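Peer 1: Pasted the sequence and its predicted model underneath.
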Amino acid sequence: MKRKLAGFIAATLMIAASAAVAQTPISPRFNADPSPHDFKGKVYVYATDDASNSGTYWDSTTWRLYSSKDMKTWSDDGAFLSVSVFKWAKPDAKAWAPEAAYRNGKYYFYAPVGGDKIGVAVASKPQGPFKDARTDALIDKARDANAGDEPIDPAVMIDDDGQAYLFFGTRVPKVIKLNKDMVSTSGPIMNVEITGFPANDPKKKYGEAPFLHKHNGLYYFSFSTGWPGQIVYGTSKSPAGPFEYRGVIFDYLSISTNHQAIMKRGGKWWFFYHDNLLPGGGSHRRSISFAPLIHRPDGTIEEIKR
C-alpha cells in the first residue's frame, strides 16, 4: 500500500559554492543504493531494502520503490519485486544495488542477485508487475568470461545514438553493450580503464558503484573508491573510456559503503546517495537522500559538502 511520507522534503536542498547540503532522507524506512529515474514526469527511486535485512549484513531478498511528482513528498510504493521472480536464483539470494531503464515502451529492471549474477526483469509500468525477461541471468560469473570478482552494481546508460551500455563490477569496472531489446548483450565484457589517479594517494582507486552520465558532450564516469570510499569521477569523450580522473564529488561517509546515482530533471542535475541519516542507522541500515549536482564551465563537477 502506498504511504505518503509527508514531512520528508528534499527538493529544498539548494546549494551554493562550498555550502553544505541538508541531508534529508526520502523515507523513514531504511533504504540504500538509489537508482533514480524521471519516467514521464514522475521520479521513481528503486532501492535496496535495508529495513528487511538482518541488520548485520546486506541480506535482504526484496527491492523497494519510492516515487514523487515534485521531489518534495514521497510515496513508499512497497517491495515491488523479490529475487523469487528469477526462478534460476536461490530463494534466499541477496538483493543488492539495482538499476532501471526505459526503452521500447517498457521498463527494465537490472537486479544483482546473490553477488554473482545480474538478472533483468521487464514491466509495462514503472512499478511493475515485473517478470523475468529471460530464463537465465543476463550476466553470470560462472558463465561469462571477464565478469569479474562480483558482477554487481549494474548501471545502464543509453547514448544519444541509441547504443545502450551496462556498467557493473567491483575492484575492476566492467562494461558491455546491450542490444536494443535491453535483455541481451553484444560483444565481450570489457574492462573500463581509468587513468591519472593521484600518485600520492593510494586510496584513489576503483572500488564499486559505477555510474555514467553525459553532459555537454562529455561522459562522466563516477564510482566509489572502496570500503569506505569517496565518490570520485573521470571524464572521457567516449562512453566506454578510457576515463581521466578529475576529482571528488562526495567525501567519505561514517558508514562502510558509498553509492551514488545521477539524474537530470527539468534542466537540473541531481546527485542521489545513501548515508546514516535515521535513528538506529549504520552500515547495514542506510537512508537515501539527494542534492543538486553542479557542472562547472570547465567540465569539472563541484564537490558536494555535507
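Peer 2: Good, I have the coordinates. Numbers count the residues shown, from 1 in each chain.

Peer 1: which residues sit in contact with Thr195?
Peer 2: Residues near Thr195 by CB atoms under 8 Å, 6 or more residues apart in numbering: Gly234, Pro242, Phe243, Glu244, Tyr245. The C-beta positions use only the backbone N, C-alpha and C, and glycine is treated the same way.

Peer 1: could you pull out the strands for the stretch 1-150 of the chain?
Peer 2: 3-5, 32-39, 42-48, 62-68, 74-76, 81-82, 99-103, 106-113, 117-123, 131-132, 139-140 (DSSP state E, counting those that start in this stretch).

Peer 1: now for the contacts of Thr195, which pair is the farthest apart?
Peer 2: Pro242 and Tyr245 (10.3 Å; CB to CB).

Peer 1: list residues touching both of those two?
Peer 2: Ile194, Thr195.

Peer 1: before we move on, back to that, pull out the buried residues from the contacts of Thr195.
Peer 2: Buried members of these, counted by 16 or more other CB atoms under 10 Å: Gly234, Phe243, Tyr245.

Peer 1: tell me the contacts of the last one?
Peer 2: If you count contacts by CB under 8 Å, 6+ apart, Tyr245 has them with Ile194, Thr195, Gly196, Phe197, Pro198, Lys204, Val232, Tyr233, Gly234.

Peer 1: Please identify which of those is nearest to Ser254.
Peer 2: Comparing those against Ser254 with CB to CB places Val232 closest, at 18.3 Å.

Peer 1: got the end-to-end distance for stretch 101-108?
Peer 2: 5 Å (CA to CA, to the nearest Å).

Peer 1: Return the set of buried residues in it.
Peer 2: So, applying 16+ other CB under 10 Å, buried residues of stretch 101-108: Ala101, Tyr102, Tyr107, Tyr108.

Peer 1: For Tyr44, see how far away the second one is.
Peer 2: This means Tyr102. As judged by CB to CB, to the nearest Å, Tyr102 and Tyr44 stand 10 Å apart.

Peer 1: Likewise for Pro98?
Peer 2: Using CB to CB, Pro98 is found at 11 Å from Tyr44.

Peer 1: For the stretch 201-306 of the chain, which segments count as helices?
Peer 2: For the stretch 201-306 of the chain, no helices are identified by DSSP state H, counting those that start in this stretch.

Peer 1: If you count neighbours, what's buried in stretch 215-227?
Peer 2: By neighbour count on 16+ other CB under 10 Å, the buried set for stretch 215-227 is Tyr219, Tyr220, Phe221, Ser222, Phe223, Ser224, Thr225, Gly226.

Peer 1: The third one pairs with what?
Peer 2: Taking DSSP bridges, one obtains Leu212, Gly234 as the residues bridged to Phe221.

Peer 1: Hmm, it is touching Ala240, no?
Peer 2: No. With contact defined as CB atoms under 8 Å, Phe221 and Ala240 do not form a contacting pair (9.5 Å).

Peer 1: so what sits against both of these two?
Peer 2: Val192.

Peer 1: Where do the strands of the stretch 201-306 of the chain begin and end?
Peer 2: For the stretch 201-306 of the chain, strands defined by DSSP E, counting those that start in this stretch occupy the ranges 208-215, 218-224, 231-236, 243-250, 260-265, 268-275, 287-293.

Peer 1: All set now, cheers.
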